[in-house]
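> Pasting a predicted model and its sequence here:
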Amino acid sequence: RWLFNQAMCTIYAFCGVLFGLCSLTSLTVLSTVCCLKVCYPVYGRCWHALCPRPSLLTEPFYPPPIMGPIRPSLGYGPEPYGTACCIAWEASSREATLYILALFVFCYLLPCLLILASYSLILWTVLGSRRAVRHH
């Protein structure tokens, strides 16, 4: 069971969401930079202008469970087994559902698709250059 009070549960869950989103965003930026450097070397030099701080992309998703209009309907609470805390996924209000859907699409699905596309493009480029070297 969760051994601490609700305030510690909220802090623990907020940190979990924060660091999870930062991690996935950093991996997304890393894959995009690698793709630019390998596949488009001319544009690979200006990557720092594209995203000066990776966490900037997901910052709008940090505060909603703690503050704002959806606070009463969506917050942090114990997970189903009660050993840790996370976002209360079972919230049923319209605002909570929209937040969870936006979190899924913009902070999970799109980054994963971008990572997949970046590494696929890198693989395609490496295989193409390998064929060109073998041909010559």
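Sure thing, it's come through. Numbers count the residues shown, from 1 in each chain.

> so where do the helices sit in the chain?
6-39, 47-50, 94-104, 110-135 (DSSP state H).

> and of those helices, who's closest to residue 86?
Of all those, helix 6-39 sits nearest to residue 86, with 5.1 Å by C-beta to C-beta. Heads up, the C-betas are built off the backbone N, CA and C, glycines and all.

> helices and strands around the closest one, which ones?
Counting contacts by 3 or more C-beta pairs under 8 Å, 6 or more residues apart in numbering; DSSP states H and E, helix 6-39 packs against helix 47-50, strand 76-78, strand 85-87, helix 110-135.

> got the angle between the last one and helix 94-104?
It stands for helix 110-135. Between helix 110-135 and helix 94-104, the angle comes out at 10 degrees (axes from the mean of the first three to the mean of the last three C-alpha atoms, to 10 degrees).

> can you give me the offset of stretch 10-28 from its chain's centre?
A distance of 8 Å separates the centroid of the chain from that of stretch 10-28, by C-alpha atoms, centre = their mean, to the nearest Å.

> one step back: Throw the helices and strands packed on helix 6-39 into CSV and include mean pLDDT and mean neighbour count, thanks.
Shown next, in CSV, are the helices and strands packed on helix 6-39 (pLDDT from 0 to 100; neighbours: other C-beta atoms under 10 Å):
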stretch, mean pLDDT, mean neighbour count
helix 47-50, 57, 10
strand 76-78, 82, 18
strand 85-87, 86, 21
helix 110-135, 92, 13
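
> contacting residues for the residue lying closest to residue 125 once chain neighbours are set aside?
With sequence-adjacent residues excluded and distances taken as C-beta to C-beta, 6 or more residues apart in numbering, residue 125 is closest to residue 39, at 4.7 Å. For residue 39, the contact set (C-beta atoms under 8 Å, 6 or more residues apart in numbering) comprises 121-122, 125.
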